[in-house]
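Participant: Got a predicted structure plus its sequence, pasted below:
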Amino acid sequence: MTFAINWDYLRDVLGLLRWLHVFAAIIWIGLTAFFWFMESHLKTPIPGGPEPTDGVSGETYYLHGGIFYFRRYKGGPDHLPANVTWHPQWYAYGTWVTGFLLLCIVYFWKANTYLLDPSVADISPVLGVTICVALLAFSWLFYDRLSRWLIERERLLVSLLFIYIVAVSYGLSHLLSSRGVVIEVGAVIGTWMAGNVLFVWEPLHRMFFAAKSEHRIALDEGLMAISWQRAKHNAYLAPPVLFAMLGVHFSFVSGSRHAWLALIGFMIVGGLLRYFYIWRNRSRVIVAIPAVAGALLIALVIWLAPSTAPAPAPATALTAGDAGTTGGGDAAVTAGRAVFAKAGCGSCHTLTAAGAAGTAGPSLDQAKPSAALVSDRVTQGVGTMPSFSGKLSAAEIKEVATYVSTVAGK
């Protein structure tokens, strides 16, 4: 008895990491949002209140589950109590690690399928993966150095970082598939956020804890400023990186010829909404912000809407002999074309004969799959492609398989 590894199945099973990735991300972003909610409601303590206020720079009474919370000590209390709770960082590390593993499994493992597009750039999978990994490392170094250098010029810093993201997105659009662009830009921003936790907050927290444990009241104001700067960055970067992570599942974005520009637009919408809610928590409602965000969102949806023009006829006429090589006839090919349109295959795949130009999935014109392979993929699903066995009948699956294998690349 021989044992053979089904690599496609193993790859799908490893995709369960997405579950852990989303779980960790929910906690990370949720705690970040909660922190800013609490921070915006802190008030100067009232002398003579129910609790001593020595060293307290802000307090609020937040009711949750029948319990009231909490107080802030800028620089920490004069004497560190024994029951200090560290802010957990595992969720940040868990989000990044599972995200990077998913990047490797879904995009790097079969780079020719999702990461690269020969019609964009004829580069090898090894080169494509190397570019992506190197870009993550370089982007963190660029972001970290620039943030430290311009720590007192936040507006200039934000402008330069925005320009950098636009330049990276545009540059990648000439190297990767549209889907690869979206996920790689998301990975760059996610690396900034996780790097802030690992390389800034973690060591600074240890230093602050050690200083207070040794009863050193004064702390390095410069280091505290850096920590606070990165906390604000992570708060505003959360919505844009969330869209980049989810954008690959929106075929109207990741399948667009201008996916990089659409990505920038949606990330701006997310940033605006985050800005609105942060200020709303401070009791300042700026109605113009959601109005602008809504208008931009509508403009993006209209701009990305597919053409309503009828699909062109097949590029070449099919003869009975041509169709017969795939085990079907003209009737099956005609019926398969209707099934292809009905199932929305063109939103993810390129097939010239069907007038389809989707790039979320492999180009069928380039792959030229056999009828058996198409039937298997449609029935079983693979990677991010779902199974259609419960949506299409066995006859329809056979028809679409015949159609695709007959007209692909012609």
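Facilitator: Cool, the structure landed.

Participant: low-scoring stretches of the stretch 251-400 of the chain, by residue?
Facilitator: Within the stretch 251-400 of the chain, the ranges that satisfy pLDDT under 70 run 307-329, 347, 359-360, 382-384, 386, 390.

Participant: so where do the helices sit in it?
Facilitator: In the stretch 251-400 of the chain, the helices defined using DSSP state H, counting those that start in this stretch lie at 251-254, 259-281, 288-304, 320-324, 330-342, 364-367, 371-380, 394-407.

Participant: Only the buried residues of the fifth one, if you could.
Facilitator: Taking 16 or more other Cβ atoms under 10 Å as the basis for neighbour counts, the residues of helix 330-342 that come out buried are 332, 333, 335, 336, 337, 339, 340. To be clear about C-beta, it is placed using only N, CA and C from the backbone, and glycine gets the same treatment.

Participant: mind listing what the residue lying closest to the fifth one once chain neighbours are set aside touches?
Facilitator: Of all residues not flanking residue 337 in the chain, residue 403 sits nearest, at 5.3 Å (Cβ to Cβ, 6 or more residues apart in numbering). Residue 403 is in contact with 332, 333, 335, 336, 337, 339, 340, counting by Cβ atoms under 8 Å, 6 or more residues apart in numbering.

Participant: Can you get me a residue count around residue 166?
Facilitator: Around residue 166 there are 16 other residues, counting by other Cβ atoms under 10 Å.

Participant: cool, residue 394 as well?
Facilitator: 10.

Participant: Next, find the distance separating it from residue 23.
Facilitator: To residue 23, residue 394 is 37 Å away according to Cβ to Cβ, to the nearest Å.

Participant: before we move on, what about residue 381?
Facilitator: For residue 381, the distance to residue 23 equals 23 Å [Cβ to Cβ].

Participant: Residue 60 reaches residue 40, doesn't it?
Facilitator: No. Residue 60 is not in contact with residue 40 according to Cβ atoms under 8 Å; the separation is 9.3 Å.

Participant: which ones are touching residue 270?
Facilitator: 239, 240, 242, 243 are the contacts of residue 270 under Cβ under 8 Å, 6+ apart.

Participant: try it again with 6 Å
Facilitator: 239, 240, 243 (Cβ atoms under 6 Å, 6 or more residues apart in numbering).

Participant: coming back round to it: from the buried residues of helix 330-342, which single one is nearest residue 203?
Facilitator: residue 340 (55.3 Å; Cβ to Cβ).

Participant: possible to save the contacts of residue 270 as CSV with secondary structure, pLDDT and distance to residue 122?
Facilitator: Putting the contacts of residue 270 into CSV (DSSP: H, G, I helix; E, B strand; the rest coil; pLDDT from 0 to 100; distance: Cβ to Cβ, whole Å) gives the following:
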residue, secondary structure, pLDDT, distance to residue 122
239, helix, 90, 35
240, helix, 91, 31
243, helix, 91, 30
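
Participant: Give me the buried subset of those residues.
Facilitator: By 16+ other Cβ under 10 Å, the contacts of residue 270 give 239, 240, 243 as buried.

Participant: which residue sits closest to the first one, ignoring its sequence neighbours?
Facilitator: This means residue 239. residue 270 is the one closest to residue 239 (Cβ to Cβ, 6+ apart), at 3.1 Å.

Participant: repeat for the second one
Facilitator: In space, and not counting its chain neighbours, residue 240 is closest to residue 267: 3.6 Å by Cβ to Cβ, 6+ apart.

Participant: so how many other residues sit close to that neighbour?
Facilitator: 25.

Participant: show me the residues around the residue positioned nearest the centre of the chain that make contact.
Facilitator: Within the chain, one residue has its C-alpha closest to the average C-alpha position: by Cα atoms, centre = their mean, that is residue 245, at 1.3 Å. Contact partners of residue 245, counting by Cβ under 6 Å, 6+ apart, are residue 186.

Participant: Quickly find the element holding it.
Facilitator: Assigned by DSSP states H and E, residue 245 belongs to helix 221-247.

Participant: buried set for that helix?
Facilitator: 226-227, 229-231, 233-245, 247.

Participant: Check stretch 198-212 too.
Facilitator: 198, 200, 201, 202, 204, 208, 211, 212.

Participant: So which of the residues you listed sit within helices?
Facilitator: Those of those mapping onto helices are 202, 204, 208, 211, 212, per DSSP state H.

Participant: Redo these as CSV? Include distance to residue 137.
Facilitator: Output for these, formatted as CSV (distance: Cβ to Cβ, whole Å):
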residue, distance to residue 137
202, 19
204, 22
208, 28
211, 31
212, 34
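
Participant: wait, which of those is closest to residue 194?
Facilitator: Nearest to residue 194, judged by Cβ to Cβ, of those is residue 202 at 10.7 Å.

Participant: what sits against the nearest residue to residue 272 once chain neighbours are set aside?
Facilitator: Excluding its sequence neighbours, the residue lying closest to residue 272 (Cβ to Cβ, 6+ apart) is residue 293, at 4.1 Å. For residue 293, the contact set (Cβ under 6 Å, 6+ apart) comprises 269, 272, 273.

Participant: Can you tell me which of the residues you listed are classed as buried?
Facilitator: 269, 272, 273.

Participant: per the record, what domains does this protein have?
Facilitator: 87-304, 320-407 (automatic domain parsing).

Participant: buried ones in stretch 277-290?
Facilitator: Those would be 277, 278, 289, 290, for stretch 277-290 by 16+ other Cβ under 10 Å.

Participant: where in the stretch 101-250 of the chain is pLDDT low?
Facilitator: Residue ranges of the stretch 101-250 of the chain with pLDDT under 70: 212, 215-220.

Participant: For it, which segments are assigned as helices?
Facilitator: Going by DSSP H, counting those that start in this stretch, the stretch 101-250 of the chain shows helices at 111-114, 125-149, 154-172, 178-195, 202-213, 221-247.
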